[in-house]
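Novice: Give me a model of this one.
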Amino acid sequence: MEPQILRLNIAGLPLEWLHWQEAVGLFARGLVVWTLGENVRTVKGGYSRIDCRQSRIELPSILASDGERVARPRTIYPLSNRTLFARDGYLCIYCGKQHGQSELTRDHIVPKSYGGLDVWENVVAACRRCNQFKGDRSIESLGMELLALPYRPNLAEYMALQNDRRILSDQMEFLSGQFSKNYRTL
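Specialist: The predicted model follows:
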């Protein structure tokens, strides 16, 4: 699986995950300001007419760029089952058992029928059995308890959750310095 490259703004805030082709484009346009981490790929280009040497770009795992657009980190992170399940460590927050992504469901702590919203702070990963048992009722009425409280991830946490299975150690080291106290280590 191809490692993705973590793109930062010039201030060091995470912006997005790039494929190597997109990173080459930033280098070619002179938009890379600084880099960190191990080289993940070497891309070779054409040969120079002057000295007959082949051009090459060493792609790092982390790069900071400036330029083509205002590089502002996003402040709203979309909720998806993939990132939710990663946030909860692929555990059912009711029974505590580990499950694969296909065995988990999104459960609304305050059911939607009672006005509960589909937001980070109101959803948890639940196995099918626990979710069906809870149904459209409150956890208080059933005597159920949450093993962990739901929370909205910050920017660095969200970036790690988006790429949780393919993140490189130097990328995780960089991002983890910006994690909140709420972040659950997986």
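Novice: Other residues contacting stretch 121-135?
Specialist: 79, 84-85, 87-88, 90-95, 97, 99, 103-110, 116, 142, 144, 146, 148, 150-152 (C-beta atoms under 8 Å, 6 or more residues apart in numbering). For every residue, glycine as well, the C-beta is placed using N, CA and C.
Novice: Pull out the buried residues from these.
Specialist: With burial judged by 16 or more other C-beta atoms under 10 Å, the buried subset of the contacts of stretch 121-135 is 79, 84-85, 87-88, 90-94, 99, 104-105, 107-109, 144, 150.
Novice: Return the subset of these lying in helices.
Specialist: Among the buried ones among the contacts of stretch 121-135, the ones falling in helices (DSSP state H) are 84-85, 87.
Novice: Report the secondary structure state of residue 153.
Specialist: coil (DSSP: H, G, I helix; E, B strand; the rest coil).
Novice: Show the model's pLDDT score for it.
Specialist: Residue 153 carries a pLDDT score of 93 in this model.
Novice: didn't it look like it was pressed against residue 175?
Specialist: No. Contact criterion C-beta atoms under 8 Å: residue 153 and residue 175 do not qualify, at 10.9 Å.
Novice: what sits against the residue positioned nearest the centre of the chain?
Specialist: Nearest to the geometric centre of the chain sits residue 162, at 2.4 Å (C-alpha atoms, centre = their mean). The contact partners of residue 162, by C-beta under 8 Å, 6+ apart, come to 17, 83.
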